[in-house]
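[1] build me a structure from this.
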Amino acid sequence: MSEETTLSPLEFATELTVAWLGNPNTRATAEEVPDFLQKMHATVSGLSAGTTTLESDDDDSGDHVPAVSVRKSLASKDHIISMIDGKPYKTLRRHLSTHGLTPEEYRERYNLKPDYPMVAPNYSQARRAMAKKIGLGSKGRTAKSATSNEGKTAK
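    Here you go, the predicted model:
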C-alpha cells in the first residue's frame, strides 16, 4: 500500500496507460497513446491536488466515441447494440431515458440518420403480431363496416 502512495502522478498515469494498452479490447493507434497519457496525467495530478480537471460539460461537447460501429449496432435482427455502452437492447428508448437522452439527441450525438431504428426488427414484428392477434386498432374499422352494412340492408 505504501508503494501506491510513493508513486508520482506521472508514474501512476504511465502505469494506468500501460494497463489500458494491455487490455486486449483496446484498439489504439500510436498517435492516440500520447494524448491518452497526457489526459491521464492531468486527471491523476488533479485528483492528487484535490481538484478534478475533467470537463463537467463533457456531455455537450460532441466528443462522444461510440462503443460500437453503426453497422455492428444493427447487425442482429433480435437486438440493437447501444452506442453508449455496447450492450444489446430490444428497444433503446428506456435505455436512452436513463442517460437523459431522447432518440433525436442520441441520433445527433452519434451522427446517425433520422431513420436509425430505436426498436429491434424481430421485437417490432412480434409486438405487431400480438397487437393484430388481440385486435388492437380494428375496433374502429369493425364499427364503420357494421354501420355501412346496416344501412345497405335497411333499404
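[2] in the protein, which spans are helices?
    Counting by DSSP state H, the chain has helices at residues 2-6, 9-22, 32-49, 70-73, 93-98, 103-109, 121-134, 139-154.
[3] nearest to K87, out of these?
    helix 93-98 (8.1 Å; C-beta to C-beta). C-betas here are computed from N, CA, C, even on glycine.
[4] show me what that closest one is packed against.
    helix 103-109 (3 or more C-beta pairs under 8 Å, 6 or more residues apart in numbering; DSSP states H and E).
[5] ok so, going back, now the helices of the chain as a markdown table including mean neighbour count, mean pLDDT and distance to I81?
    As requested, the helices of the chain are arranged in a markdown table below (neighbours: other C-beta atoms under 10 Å; pLDDT from 0 to 100; distance: least, C-beta to C-beta, whole Å):
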| stretch | mean neighbour count | mean pLDDT | distance to I81 |
| --- | --- | --- | --- |
| helix 2-6 | 7 | 55 | 36 |
| helix 9-22 | 14 | 84 | 22 |
| helix 32-49 | 15 | 83 | 23 |
| helix 70-73 | 14 | 92 | 4 |
| helix 93-98 | 13 | 93 | 11 |
| helix 103-109 | 16 | 94 | 13 |
| helix 121-134 | 12 | 95 | 14 |
| helix 139-154 | 9 | 65 | 37 |
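[6] can you put those in a markdown table and add distance to K87?
    Shown next, in a markdown table, are the helices of the chain (distance: least, C-beta to C-beta, whole Å):
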| stretch | distance to K87 |
| --- | --- |
| helix 2-6 | 32 |
| helix 9-22 | 21 |
| helix 32-49 | 24 |
| helix 70-73 | 11 |
| helix 93-98 | 8 |
| helix 103-109 | 14 |
| helix 121-134 | 15 |
| helix 139-154 | 38 |
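[7] and the ones you listed: which comes nearest G86?
    Short answer: helix 70-73, nearest of the helices of the chain by C-beta to C-beta, at 8.8 Å.
[8] what's the burial count for H79?
    Close neighbours of H79, defined as other C-beta atoms under 10 Å, add up to 20.
[9] repeat for G137
    9.
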